[in-house]
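**Student:** below: sequence and its predicted model.
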Amino acid sequence: MAAKKTLLLRYALQLFSLLSFIVLLAVLSYPPELDNQILQWFSRFDPWLLLSHFRWQQEIPSWSWLPFVTVVSTLLWGRLFCGWMCPFGGLLMVADKLGRLVFPGLSALRSKVLCAAQPMRRYWFVFLAVVFVLGSNWVFFFTPFVVFSHEIVRALQGQIPWVLLGILFGTLLFSRLWCSVLCPTGVLLSLAARRRFFRYKVTDSCVQCGKCKKTCPVGAAPVHYGTAQEGCFVCGDCQKVCPARAIEWKRGFSWDKDFQDVSNDDVASRGQRESRRNFFKVAFTVAVAAALWRKTVWAAEKTLRPPGALPEPDFTAVCNRCGRCVQVCPANALQPMPITEGLANFETPQIIPRKNRCDLCLACQKVCPTGAIVQVPLEKIQMGKAVINHSRCIAWNEDKLCYICGEQCPVLAITADEQHRPIVQSDKCVGCGSCENGCPVNGEAAIRVFPQ
């Protein structure tokens, strides 16, 4: 009865986390209020966010106790956050259960894939760590709060959430492979779980039926080593299906045999060890090359960023592409950049004034979880500067009375000369793009905003 209540509690917590996260993102709008605060605090349970903040701010924030709670709970009980609280994990749990119902014949294949993929986790973590240390924030795009947030925003804006669909399809076929091997947060917490205090252990009454191995969604069943491995979600599925009731929840420290292949084949041969060494070298080389290459693929032109954005190199390194600034922008001025602008800029927010101007509401500053958009007052905003092309301006070139750009400027940075021609006061211009957006000239505007 206790096990059943625990199972129901886990389902309830994960479904509540999932639905709450989706609803909070869906209702996120201007002005951001309580829904944004809850999202911010919810996201801060991820230790990667604290690492990012410390890397760029060199300070410990007041909310550091939230990821600390996650780490401490992992050290005590294992990946409790992943198996009980993660909203993205809740969605993947539903997909996993559905996959097992729709594709029951893939049970053996799932177990083999999960077991074979476990050693990859080590090299993937090395790759992520090297990329992170060298200045890339792409690690965070794949963390659960960010990737889920990004894909929900895409769906809300009528775009196809390709990444989410791909992960869901993989989960239907191969269970929680994403959570077990590829999720940066899951991999990080797996390392912390190696020395956890409580864990599932197998007693002498085990009959070696293998049911725990088949039902474990992350390939961490205790069937081979006598104890659940570091990737255990503390979901209790192995204990529920054990016909001999040979799996118990016990305390006691013991090092897991991490990152070993848990298949029946013994991975101690010299050839296999050499293969792993080669893979490690390749993974490390790829990580270094990818991070260094990322530094060289800026867009051909400077990009107009949100108000309060960090300088360009720092902005692309700190922004995690979560899409919350895009979601909250009331003027739809912020749009994610396409892959054609380079990998470093891909999915980072930009402003194209000719399409939509920035209303200077500064909501993007309030919803940014990483500090890529800093909260600064309006008088200190310097997104760019407006420049008038006299050859295209009908007031300058055709002596027509046109002062639309000046009328649109919210900070009165455009004045008129003696002949009623517009003149930009550069010291007042904030680069919001209102002038460029309102220019009546067909095609390229006669007044354009150029990034700082």
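**Tutor:** Alright, I've got the coordinates. Residues are numbered from 1 along each chain as shown.
**Student:** and H390, what's its pLDDT?
**Tutor:** Per-residue confidence (pLDDT) for H390: 93.
**Student:** ok, the one 4 residues further on next?
**Tutor:** For I394, the pLDDT comes out at 93.
**Student:** that one against C402, yeah?
**Tutor:** Yes: the pair I394 / C402 is scored as a contact, 5.1 Å apart, by Cβ atoms under 8 Å. (C-beta placed from N, C-alpha, C; glycine too.)
**Student:** next structured bit after the least confident helix or strand in the chain by mean pLDDT?
**Tutor:** Within the chain, no helix or strand scores below helix 270-294, which has a mean of 57 by mean pLDDT, DSSP states H and E. Following helix 270-294 in sequence order, the next helix or strand is helix 312-318 (DSSP states H and E).
**Student:** which helices and strands does the helix or strand following that following helix pack with?
**Tutor:** Remark: after helix 312-318, the chain's next helix or strand is helix 324-328, criterion DSSP H and E. When contacts are defined as 3 or more Cβ pairs under 8 Å, 6 or more residues apart in numbering; DSSP states H and E, helix 324-328 sits against helix 144-156, strand 334-336, helix 363-367.
**Student:** now the helices: where do they sit in the stretch 101-250 of the chain?
**Tutor:** 107-117, 120-133, 138-141, 144-156, 162-174, 177, 184-192, 211-215, 237-241 (DSSP state H, counting those that start in this stretch).
**Student:** roughly how far is the longest one from the heart of the chain?
**Tutor:** On the basis of Cα atoms, centre = their mean, to the nearest Å, helix 120-133 is displaced by 16 Å from the centre of the chain it belongs to.
**Student:** now that helix: mean pLDDT?
**Tutor:** Helix 120-133 shows an average pLDDT of 80 in the prediction.
**Student:** likewise stretch 370-385?
**Tutor:** Rounded mean pLDDT across stretch 370-385 is 91.
**Student:** what do I394 and C402 both touch?
**Tutor:** P440 (Cβ atoms under 8 Å, 6 or more residues apart in numbering).
**Student:** more neighbours, these two?
**Tutor:** Neighbour comparison, I394 and C402: the larger count goes to C402, with 20 against 16 (by other Cβ atoms under 10 Å).
**Student:** next up, the contacts around the more buried one.
**Tutor:** 393-395, 422, 440.
**Student:** from A445, how far off is it?
**Tutor:** 12 Å (Cβ to Cβ, to the nearest Å).
**Student:** so what's K5 up against?
**Tutor:** Taking Cβ under 8 Å, 6+ apart as the test, K5 contacts no residue whatsoever.
**Student:** quick one: buried residues of the host helix or strand of it?
**Tutor:** Here K5, judged by DSSP H and E, is contained in helix 2-27. Buried residues in helix 2-27, counted by 16 or more other Cβ atoms under 10 Å: 6, 10-11, 14, 17-18, 21-22, 24-25.
**Student:** ok, now which ones touch the spatially most central residue of the chain?
**Tutor:** By Cα atoms, centre = their mean, the mean C-alpha position of the chain lies nearest to V146, the distance being 2.5 Å. Contacts for V146 were tallied using Cβ under 8 Å, 6+ apart; they are 43, 140, 320-322.
**Student:** kindly recompute the last result at 6 Å.
**Tutor:** If you count contacts by Cβ atoms under 6 Å, 6 or more residues apart in numbering, V146 has them with 140, 320, 322.
**Student:** looks like the first one contacts R321 (just checking).
**Tutor:** By that I understand F140. No: in this structure, F140 is not within contact of R321 by Cβ atoms under 6 Å, at 8.1 Å.
**Student:** overlap in contacts of the two?
**Tutor:** Common neighbours of F140 and R321 (Cβ under 6 Å, 6+ apart) do not exist.
**Student:** how distant is stretch 389-399 from the center of its chain?
**Tutor:** 46 Å.
**Student:** now do the end-to-end distance for that stretch.
**Tutor:** End-to-end distance of stretch 389-399 (Cα to Cα, to the nearest Å): 14 Å.
**Student:** picking up where we left off before, can you lay out the contacts of V146 as a markdown table showing pLDDT and distance to C364?
**Tutor:** As requested, the contacts of V146 are exported to a markdown table (pLDDT from 0 to 100; distance: Cβ to Cβ, whole Å):
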| residue | pLDDT | distance to C364 |
| --- | --- | --- |
| F140 | 85 | 17 |
| N320 | 90 | 14 |
| C322 | 92 | 11 |
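**Student:** just the closest of the residues you listed to Q452, please.
**Tutor:** Ranked by distance to Q452 (Cβ to Cβ), the contacts of V146 are led by N320 at 22.5 Å.
**Student:** burial of that closest one, as a residue count?
**Tutor:** Counted with other Cβ under 10 Å, N320 comes out at 28.
**Student:** next, count neighbours for the residue nearest to it when sequence neighbours are not counted.
**Tutor:** Nearest-residue entry for N320: F140, 3.8 Å, with adjacent residues in sequence omitted and distances by Cβ to Cβ, 6 or more residues apart in numbering. Neighbour count for F140, taken as other Cβ under 10 Å: 26.
**Student:** what do you get for L412?
**Tutor:** The number of residues packed near L412 is 9, by other Cβ under 10 Å.
**Student:** list phi and psi for it.
**Tutor:** phi 60, psi 40 (degrees, to the nearest 10).
**Student:** where does the residue lying closest to it once chain neighbours are set aside land in three-state SS?
**Tutor:** Leaving aside its sequence neighbours, L412 sits nearest to K428 (Cβ to Cβ, 6+ apart; 6.7 Å). Secondary structure, DSSP: H, G, I helix; E, B strand; the rest coil: K428 is coil.
**Student:** how far does the helix holding K5 sit from its chain's centre?
**Tutor:** Using Cα atoms, centre = their mean, the offset of helix 2-27 from its chain centre is 20 Å.
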